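Peer 1: sequence and predicted structure, then a few things I'm wondering about:
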Amino acid sequence: MVFSSLEFVFLFLPVFLVIYYIVPGRWKNLWLFMGSLGFYFYGVRDTPFYFVLLVLSILVNYQIGIQIGRCRIRRFRKRWLVYGVIYNLFWLILFKYAGFLIQNLNLLLNMLKIPVKWPVIAPVLPVGISFYTFQAISYLADVYRKTVPCERSLVGFGMYITMFPQLIAGPIVTYSSVRRQIGRRRITFQAIEDGLREFTIGLGCKVLLANRIGGLWSDVRTIGYDSISTPLAWLGLAAFSLQIYFDFCGYSLMAKGLGSMMGFQFPDNFHHPYMSLSMTEFWRRWHMTLGSWFREYVYIPLGGNRRGPLLAFRNLLAVWFLTGFWHGASWNFIIWGLLLFFILSVERLGLIRILERWRMAGHLYMAFMIPLTWLVFAVTDIRQIILYFQRLFPVFARQQRFFYFSGDYVKYARLYAVSLAAGLLFMTDIPIRIYARFKYSMITAAALLGIFWLCVYCMRMGMDDPFLYFRF
């Protein structure tokens, strides 16, 4: 069940919210916990073990958190923390990385002419495991560091792990950011209204922008990378860049809106990243909760930039290697993470100062770098990445042919012109500034109502594609 589906909008959500608002305050956590478990079970009903795995994660991490909270001796607390991290990473590695690791081990053994071949284990990735695993680890780390006390209520902890607005694809909500709201939160009509507005805007980003623009990228893949012109190759990458932004940003806005309707204040996950002047700034604005997680629980514990520039680059390398690998068990994601590390390192060495001083140069630089880095993310096969790169830069092709004159780009530019123009407009901060000024006017209310029913129509016509980040 996805947020951009009729069954969620007209069945699950209304029933859940009506009961949520009716039950007394002391029962709201329990109802949210039960509703979130039901939401997840519906999504994995064909593989019920994944539901059992989520319940086990709740029980095990709850008990380990209690043990860490009880220990007064640091080394005992650290021992329980290690147990918890190992437990959480075991399941993540088993389901997400086992197949990749075994395949590459077999390739290595074959290269060394060792007659051993391990059977490849490639189970389907449980929905949301990357996100709830990170939330559990951050909770245990914060309890270990005594940043927060351990959660004594199993219902409260289970609700934190399973909150359906952010269970499947984030944002990654740390326990410290919502601890007080778990115990006590205030639900107001203003918060409900703001939540509905934010949910509607996110729904529009997903259904009206991401799904529509994503059609161009799907067309490019269907045609085949070896049969597209250079302009269409760039147009396709621009489409994917806009699609992934509005898809994930739309989900995050819907999650934040749902949280607001229930009395929670979830952190922002995006801040107009495509208006950045450098990749460094871009990754401070994109998927901010994931970046914050890696900074707080990897970069800073490794020493951050406190031990000199050389170790700072080492720590940055660790962060971006893990960021790439977190997104998927494939070499393209590892290469993507290392590529970003290289770009960010070059910017740290002085390029960023030039880009920030000459803003036009910064925007032109980002217009080139954003789609180019997304190429390595979007295409998983290394040979296909090379082929697509040759389409982008024909001078690197074997025959050095320039693929300009097929006319395909004219056809698709006309077909998707309105959607692409809308994407270019809404990736800026212009619409949000206009919205903030007229937020509570009748015109804005009518516009949001129109967006909602247009989304409903599109969903009725089958435009309820799953969110891209469900794969991660």
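Peer 2: Everything's here; your move.
Peer 1: dump the residue contacts of Cys249.
Peer 2: Residues in contact with Cys249 (Cβ atoms under 8 Å, 6 or more residues apart in numbering) are Gly202, Cys205, Asn269, Phe270. C-beta coordinates here come from the backbone N, C-alpha and C atoms, glycine included.
Peer 1: and what about it, helix, strand or coil?
Peer 2: Classification of Cys249 by DSSP: H, G, I helix; E, B strand; the rest coil places it in helix.
Peer 1: make residue 1 into 574 and carry on from there
Peer 2: Yep, numbering from 574; the last one is Cys822 now.
Peer 1: so what pLDDT did it get?
Peer 2: Note on Cys822: pLDDT of 93.
Peer 1: tell me how far it lies from Leu924.
Peer 2: Distance of Cys822 to Leu924, given as Cβ to Cβ, to the nearest Å: 27 Å.
Peer 1: before we move on, back to that, farthest-separated two in the contacts of Cys822?
Peer 2: Greatest spatial distance in the contacts of Cys822: Cys778 and Asn842, 12.2 Å, computed using Cβ to Cβ.
Peer 1: re earlier: so which of the contacts of Cys822 comes closest to Arg868?
Peer 2: Closest approach between the contacts of Cys822 and Arg868, by Cβ to Cβ: Asn842, at 14.7 Å.
Peer 1: that closest one contacts Val746, doesn't it?
Peer 2: No: in this structure Asn842 lies outside contact range of Val746 using Cβ atoms under 8 Å: 10.1 Å.
Peer 1: between the two, which contacts overlap?
Peer 2: Contact with both Asn842 and Val746 is made by residues Thr862, according to Cβ under 8 Å, 6+ apart.
Peer 1: give the contact list for Asp820.
Peer 2: Taking Cβ under 8 Å, 6+ apart, we find Asp820 in contact with Cys778, Lys779, Ala783, Gly787, Phe1040, Leu1041, Tyr1042.
Peer 1: try it again with 7 Å
Peer 2: Lys779, Ala783, Phe1040, Leu1041 (Cβ atoms under 7 Å, 6 or more residues apart in numbering).
Peer 1: find the nearest non-adjacent residue to it, please.
Peer 2: Ala783 (3.9 Å; Cβ to Cβ, 6 or more residues apart in numbering).
Peer 1: any idea how far the one you found lies from Val1029?
Peer 2: In this view, Ala783 and Val1029 are 16 Å apart by Cβ to Cβ.
Peer 1: quick one: which of those two has more around it?
Peer 2: Between Ala783 and Val1029, counted using other Cβ atoms under 10 Å, the more crowded position is Ala783 (27 against 15).
Peer 1: so how far is Leu1041 from the more buried one?
Peer 2: 8 Å.
Peer 1: need the residues that contact the helix or strand hosting Ile1007.
Peer 2: Ile1007 is part of helix 1003-1010 when elements are defined by DSSP states H and E. The contact list for helix 1003-1010, computed with Cβ under 7 Å, 6+ apart, reads Leu998, Thr1017.
Peer 1: show me what the mean pLDDT comes to for that helix.
Peer 2: On average, helix 1003-1010 scores 92.
Peer 1: next secondary structure after that helix?
Peer 2: With DSSP H and E, the next secondary element past helix 1003-1010 is helix 1015-1033.
Peer 1: list the helices and strands that next one packs on?
Peer 2: helix 762-777 (3 or more Cβ pairs under 7 Å, 6 or more residues apart in numbering; DSSP states H and E).
Peer 1: just the angle for the helix it packs on relative to helix 1015-1033, thanks.
Peer 2: When axes from the mean of the first three to the mean of the last three Cα atoms, to 10 degrees is applied, the directions of helix 762-777 and helix 1015-1033 differ by 50 degrees.
Peer 1: and the next helix or strand past helix 762-777?
Peer 2: Heading C-terminal from helix 762-777 (DSSP H and E), you reach helix 784-796.
Peer 1: and that following helix, which residues are buried?
Peer 2: Asn784, Arg785, Ile786, Gly787, Gly788, Leu789, Trp790, Asp792, Val793 (16 or more other Cβ atoms under 10 Å).
Peer 1: what pLDDT does the residue lying closest to Gly777 once chain neighbours are set aside get?
Peer 2: Nearest residue to Gly777, sequence neighbours excluded (Cβ to Cβ, 6+ apart): Ile1024, at 4.4 Å. pLDDT, Ile1024: 94.
Peer 1: count of residues packed around Ile1024?
Peer 2: Neighbour count of Ile1024, defined by other Cβ under 10 Å: 17.
Peer 1: tell me if I'm right that it and Thr773 touch.
Peer 2: Yes: counting by Cβ atoms under 7 Å, Ile1024 does reach Thr773; the two are 5.9 Å apart.
Peer 1: tell me where the model's unsure across the stretch 874-1023 of the chain.
Peer 2: 971-979 (pLDDT under 70).
Peer 1: that one: helices as residue ranges?
Peer 2: Secondary structure of the stretch 874-1023 of the chain (DSSP state H, counting those that start in this stretch): helices at 882-900, 904-919, 925-930, 932-951, 955-965, 981-988, 990-999, 1003-1010, 1015-1033.
Peer 1: so which of those gets nearest Arg752?
Peer 2: Among the helices of the stretch 874-1023 of the chain, helix 882-900 comes nearest to Arg752, with 24.8 Å by Cβ to Cβ.
Peer 1: what angle do the closest one and helix 932-951 make?
Peer 2: Going by the same axes, to 10 degrees, helix 882-900 makes 50 degrees with helix 932-951.
Peer 1: identify each buried residue in helix 882-900, please.
Peer 2: 885-886, 888-890, 892-894, 896-900.
Peer 1: who touches that helix?
Peer 2: With contacts defined as Cβ under 7 Å, 6+ apart, helix 882-900 is touched by 703, 867, 871-872, 875-878, 906-907, 909-911, 913-914, 917-918, 1045.
Peer 1: one more time with 6 Å
Peer 2: Helix 882-900 has contacts (Cβ atoms under 6 Å, 6 or more residues apart in numbering) with 867, 871-872, 875-876, 878, 906-907, 909-910, 913-914, 1045.
Peer 1: Met1032: neighbour count?
Peer 2: Met1032, neighbours per other Cβ under 10 Å, totals 23.
Peer 1: next one: Trp904
Peer 2: Around Trp904 there are 16 other residues, counting by other Cβ under 10 Å.
Peer 1: what about it, distance to Thr953?
Peer 2: 8 Å.
Peer 1: with adjacent residues omitted, what lies nearest to Phe837?
Peer 2: Phe837 sits nearest to Gln754 (Cβ to Cβ, 6+ apart), 5.3 Å away.
Peer 1: good, we can wrap up now.
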